[in-house]
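Colleague: Sharing a sequence plus its predicted fold:
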Amino acid sequence: MPLPSAALISWLSTLGGWDSNQETGVPFYLGPYIPDSPDKCVVVTATPGGGYQMEGATDLCGFQARVRGPQGGDGSPDAQSAAEALAYRLDALIFAAAYPVTLPSGQVIVTAHRLSGAPAPLSGEPDDADRVSFTCQYLIEVGN
């Protein structure tokens, strides 16, 4: 059974003390819509995965984490470095999470890992507000 994006965001919000408060940290949003504000945010979008594994006992689902950093003109000396640091921090938290994880729904995240390399900057960045985004694709194995 696929993992609903809202449940995925709830789990990501608990990793390693990630501050998902809009005022003090970096909040998560359901993708694919990219909000205009706040500047720093993570947009989580469900993507195709590998499908059912082990004769349907688990489902290999995918998601993209798009991490947007602060504006370049807001006093930050290097908006690109700030966005990169946020993306790498989230990536490290996903890697180091204690698996398996049982969610309130009863579903179990067996494991999560990158589909390919480390988070990378999106081309065409920065945006009109001088913000840079990094993206990474992950696979999560979910059991019932």
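Modeller: All right, it came through fine. Residues are numbered from 1 along each chain as shown.
Colleague: Show me what the least confident helix or strand in the chain by mean pLDDT packs onto, helices and strands only.
Modeller: Among the helices and strands of the chain, strand 41-53 carries the lowest confidence by mean pLDDT, DSSP states H and E, at a mean of 88. With contacts taken as 3 or more Cβ pairs under 8 Å, 6 or more residues apart in numbering; DSSP states H and E, strand 41-53 sits against helix 5-13, strand 28-30, strand 58-68, strand 133-143. (Each C-beta comes from the backbone N, C-alpha and C, glycine too.)
Colleague: The same query, at a cut-off of 10 Å, please.
Modeller: helix 5-13, strand 28-30, strand 58-68, helix 79-96, strand 133-143 (3 or more Cβ pairs under 10 Å, 6 or more residues apart in numbering; DSSP states H and E).
Colleague: For it, which strands pair with it and how are they oriented?
Modeller: Using DSSP bridges, the strands paired with strand 41-53 in its sheet are strand 28-30 (parallel), strand 58-68 (antiparallel).
Colleague: sec struct for the residue of the chain most remote from its centre, please.
Modeller: Most distant residue from the mean C-alpha position of the chain: residue 55, 27.9 Å away (Cα atoms, centre = their mean). Here residue 55 is helix, with the state taken from DSSP: H, G, I helix; E, B strand; the rest coil.
Colleague: In terms of pLDDT, where does it sit?
Modeller: pLDDT for residue 55: 76.
Colleague: What of the one 10 residues further on?
Modeller: Taken from the predicted model, the pLDDT recorded for residue 65 is 97.
Colleague: now swap in the one 3 residues further on and tell me
Modeller: The predicted structure scores residue 68 at 94 on the pLDDT scale.
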